[in-house]
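**Q** sequence and predicted model, in that order:
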Amino acid sequence: QQKKKWAATAPRVASTRRALQIFDLTYGVQFGSLWPSIRISLLSEQKYGALVNNFSDAEQVTQQLEDLNAMDFISESQRGQDLDSAADQDVCSPNSSPQTQTELEVESFDTFVPPISPNIQCYTFPKGDVSLFHPARPDTLGLLGYYLLDAASILPVLALNVRPGDIVLDLCAAPGGKTLALLQTGCCRQLAANDISTSRTGRLHNVLRSYLLKEHRKIVRITSWDGRIWGDIERNTYDKVLVDVPCTNDRHSLKEEDNNIFTNMRKGERQMLPKLQLELLVSGILATKPGGTVVYSTCSLSQLQNEYVVQKAAELLAVQHNINVHLEDLSYFRRLFWNTFSFYSDCSVGELILPHLTANFGPMYFCKLTRLC
Ligand code: SAM
């Protein structure tokens, strides 16, 4: 009786406040002297990127964005890189038919630049410029010219290196920012976009309708299944798999009470996240063809949700399924995108974008795994 009364009158701690207390304890230890700078950035206005819709009048859209003094951080990063490799990046376009994999594999070692998914354009304002983009407007066909998102969330899609003719799975796809980016490559032969939440797949449907004509949506299959079963139902099927898992969504958790995973009622769910993430990643790898690649990503700073999940998945696959994976070195992303993002230098596997006041994107963790057998 007494306990009940206490529970009813105890002061309610806002979820955002609880999130900050927990982050101070855990990230204070994990990042040491870097934490105060990350903390203030997370609590400040975040920056956006404008993902250009190649299915709309892209030339006009890019001109409008350039008039605002925004820059496509991807093409900027390619400037000065080897021309042959840069040419490779352009071989398929959203409106052309994909070339085969072998046509692309002519590469000389001394000119090698690790390939990234082609044809994606994402505009950002320069470091230190905190201008905002206006919401996109429909063109004459009713299609929106760009999609606003955290520019760091394009990096996992670039890392996946989608090639012409690829069969692609986006295991946790809604509301669809990364699905839309995958489609901008013009390379997907088929794209399975899944999310367990039917309300969120509804949003995904709406996003695709706002950015693509019906004929371009034909290659997309939207489902609402638990991603953990994918490895059983479609094993060894996909060339490329994106596993963008549910996570503590750190920036959101500090800003919004709505749908906040730090509410007391969701404590159990929060504690089970690394297990769910591990199961989703293992499932994604099982759904990949031998030789295919998987990118795992979160928008959390937590080592437990990032490197730990990746290492555990590699171990578990070796022991339980006799499957070996290679963890790719993605440090070339730092070389390519140092001018746009603040990278953490101490990840044991994968790359982590740290929020920074002059480049307030992220957090975004991404790691690439190649399935060897
Ligand atoms: N990739 C999305 C994007 O770029 O817009 C964001 C994905 S969000 C980080 C994680 C998603 O995972 C949520 O939409 C959530 O509904 C979904 N999810 C959670 N548990 C899942 C499960 N067991 N299987 C598939 N999706 C799941």
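**A** Yep, that arrived.

**Q** and the helices in the stretch 201-350 of the chain, which stretches?
**A** 214-217, 230-233, 250-255, 267-271, 273-286, 307-321, 332-337 (DSSP state H, counting those that start in this stretch).

**Q** those: which one's closest to the ligand?
**A** Closest to the ligand of these, according to CB to the nearest ligand atom: helix 273-286, at 6.1 Å. Where you see a C-beta, it was placed from the backbone N, CA and C, and this is true even at glycine.

**Q** residue ranges with poor pLDDT in the stretch 1-150 of the chain?
**A** 1-11, 80-113 (pLDDT under 70).

**Q** closest to Ala50 out of the helices of the stretch 201-350 of the chain?
**A** Closest to Ala50 of the helices of the stretch 201-350 of the chain is helix 332-337 (CB to CB; 16.4 Å).

**Q** ok, and what's touching the closest one?
**A** The contact list for helix 332-337 (CB atoms under 8 Å, 6 or more residues apart in numbering) reads Phe73, Ser77, Gln78, Gln81, Val113, Pro114, Ile116, Leu155, Leu158, Ala159, Phe343, Glu351.

**Q** neighbours of the spatially closest residue to the first one that is not a sequence neighbour, how many?
**A** I take that to be Phe73. Leaving aside its sequence neighbours, Phe73 sits nearest to Thr340 (CB to CB, 6 or more residues apart in numbering; 4.2 Å). Around Thr340 there are 23 other residues, counting by other CB atoms under 10 Å.

**Q** tell me where the stretch 101-250 of the chain has strands.
**A** 122-124, 146-149, 166-170, 188-194, 220-223, 238-244 (DSSP state E, counting those that start in this stretch).

**Q** can you list those strands in TSV and add distance to the ligand and mean neighbour count?
**A** Formatted as TSV, those follow (distance: least, CB to the nearest ligand atom, whole Å; neighbours: other CB atoms under 10 Å):
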stretch	distance to the ligand	mean neighbour count
strand 122-124	13	27
strand 146-149	7	20
strand 166-170	7	25
strand 188-194	6	22
strand 220-223	9	16
strand 238-244	4	27
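
**Q** between the ones you listed, which one is closest to Arg18.
**A** Comparing these by CB to CB, strand 238-244 comes nearest, at 24.8 Å.

**Q** can I get that closest one in PDB, CA atoms only?
**A** Output of strand 238-244 as PDB, limited to C-alpha atoms (Å, rounded to 0.1, in the frame of the first residue of the first chain):
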ATOM      1  CA  TYR A 238      20.600 -10.100 -51.500                       C
ATOM      2  CA  ASP A 239      23.700  -8.500 -52.900                       C
ATOM      3  CA  LYS A 240      23.400  -5.600 -50.500                       C
ATOM      4  CA  VAL A 241      21.600  -5.300 -47.100                       C
ATOM      5  CA  LEU A 242      21.200  -2.200 -45.000                       C
ATOM      6  CA  VAL A 243      20.500  -2.800 -41.300                       C
ATOM      7  CA  ASP A 244      19.600   0.600 -39.900                       C
END
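
**Q** identify the residues contacting it?
**A** By CB under 8 Å, 6+ apart, strand 238-244 touches 156-157, 160-163, 166-173, 178, 182, 192, 227, 280-281, 284-285, 287-289, 292-298.

**Q** the residue nearest to Phe73 against Ala359, yeah?
**A** Yes. Taking contacts as CB atoms under 8 Å, Thr340 lies within contact range of Ala359: 6.4 Å.

**Q** list the residues that contact both of the two?
**A** With CB under 8 Å, 6+ apart as the test, Thr340 and Ala359 both reach Lys127.

**Q** weed out the non-buried ones from the contacts of helix 332-337.
**A** Phe73, Ser77, Gln78, Val113, Pro114, Ile116, Leu155, Leu158, Ala159, Phe343, Glu351 (16 or more other CB atoms under 10 Å).

**Q** so how many other residues sit close to the closest residue to the second one other than its chain neighbours?
**A** Closest residue in space to Ser77, ignoring its immediate chain neighbours: Leu336 at 4.2 Å, by CB to CB, 6+ apart. Leu336 is flanked by 21 other residues according to other CB under 10 Å.

**Q** state the pLDDT value of Leu336.
**A** In the predicted model, Leu336 carries a pLDDT score of 95.

**Q** chain center to stretch 365-373, what's the gap?
**A** 14 Å (CA atoms, centre = their mean, to the nearest Å).

**Q** tell me which residues in it are buried?
**A** Buried, per 16+ other CB under 10 Å, within stretch 365-373: Tyr365, Phe366, Cys367, Lys368, Leu369, Thr370, Arg371.

**Q** please name the residues that touch the last one.
**A** When contacts are counted by CB under 8 Å, 6+ apart, Arg371 is found next to Ile285, Thr288, Lys289, Pro290, Gly291, Gly292, Thr293, Val294, Ile323, Asn324, Val325.

**Q** swap the cut-off to 7 Å and go again
**A** Residues in contact with Arg371 (CB atoms under 7 Å, 6 or more residues apart in numbering) are Ile285, Thr288, Pro290, Gly291, Gly292, Val294, Ile323, Val325.
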